[in-house]
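Asks: sequence first, predicted model second:
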Amino acid sequence: MTKEKIVYFIIILLVVFMGSCSIFETRTPEDPIGDSGVFVPPTTPDIVIENLLEAFNKKNSENYYSCFSKNKFEFLPTSEILARYPSLFQEWNVNNEKQYIIALSTNLQNAVNPNLIFTNKEFVSLSADSAVFIADYFIKCEFIDISIPTNYQGKVNFTIKNELNSEWTITNWKDFQNNDTVNTWSYLKALFSN
């Protein structure tokens, strides 16, 4: 065989090989493991609240994290939890929020999503660049470790601000007890802070 015939033979083999396999074809994407929810661009304060609910209830840590300011975020737990865990919440920031939601999600029973509900909700202060949202909350979580409490309730106070990119984020979060409630969101964060 001549050198030209060998080159042509190799080219023909490569063309046949490439045509017979699907190496360059796009494949159908795999379905996600769970329903990860949606994240709507937070152009108004109420969208931030909807995104937070959706992210929490679908165990989506990235969308949850996106609800909070990366520049300035402060969490103030209930006075009871602050007294029990003073050093834990002293330097609490947005990265702690993300670690907490990941830890919480990985400790839930596999097929069960958490359930966060806001009631008696209202915006008590609304301006062009900030809003204050208050609501009662109820959280139900089914954990792998059945000794961990299932229900949490209290009252939230979120300060939501319009950041430089015209999207709103939570910059301040205050948690309060309702009546004699022991298990608040602050307690839930303390349980899954590592």
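Replies: Done, it's in.

Asks: where do the helices sit along this structure?
Replies: Here the chain has its helices, by DSSP state H, at 3-20, 45-57, 61-65, 79-84, 94-106, 185-191.

Asks: against which helices or strands is the fourth one packed?
Replies: Think helix 79-84. Contacts defined by 3 or more C-beta pairs under 8 Å, 6 or more residues apart in numbering; DSSP states H and E place helix 79-84 against helix 185-191. In short, each C-beta sits where N, CA and C put it, glycine included.

Asks: with just CA atoms, put the helix it packs on into CSV.
Replies: Extracted in CSV, the C-alpha atoms of helix 185-191 (Å, rounded to 0.1, in the frame of the first residue of the first chain):
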residue,chain,number,x,y,z
TRP,A,185,-36.1,29.1,64.5
SER,A,186,-33.1,30.3,66.5
TYR,A,187,-33.0,26.9,68.3
LEU,A,188,-33.3,25.1,65.0
LYS,A,189,-30.3,27.1,63.8
ALA,A,190,-28.3,26.3,66.9
LEU,A,191,-29.0,22.5,66.5
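
Asks: can you pull the pLDDT of residue 127?
Replies: Reported pLDDT at residue 127 in the predicted model: 87.

Asks: ramachandran angles for it?
Replies: phi -130, psi -170 (degrees, to the nearest 10).

Asks: show me what contacts it?
Replies: By C-beta atoms under 8 Å, 6 or more residues apart in numbering, no residues touch residue 127.

Asks: one more: residue 75?
Replies: Residue 75 neighbours (C-beta under 8 Å, 6+ apart): 89, 92, 96-97, 172-173, 175, 189.

Asks: ditto for residue 194
Replies: Listed by C-beta under 8 Å, 6+ apart, the contact partners of residue 194 are 99, 103.

Asks: ok, residue 11 to residue 4 distance?
Replies: Residue 11 is 11 Å from residue 4, where distance means C-beta to C-beta, to the nearest Å.
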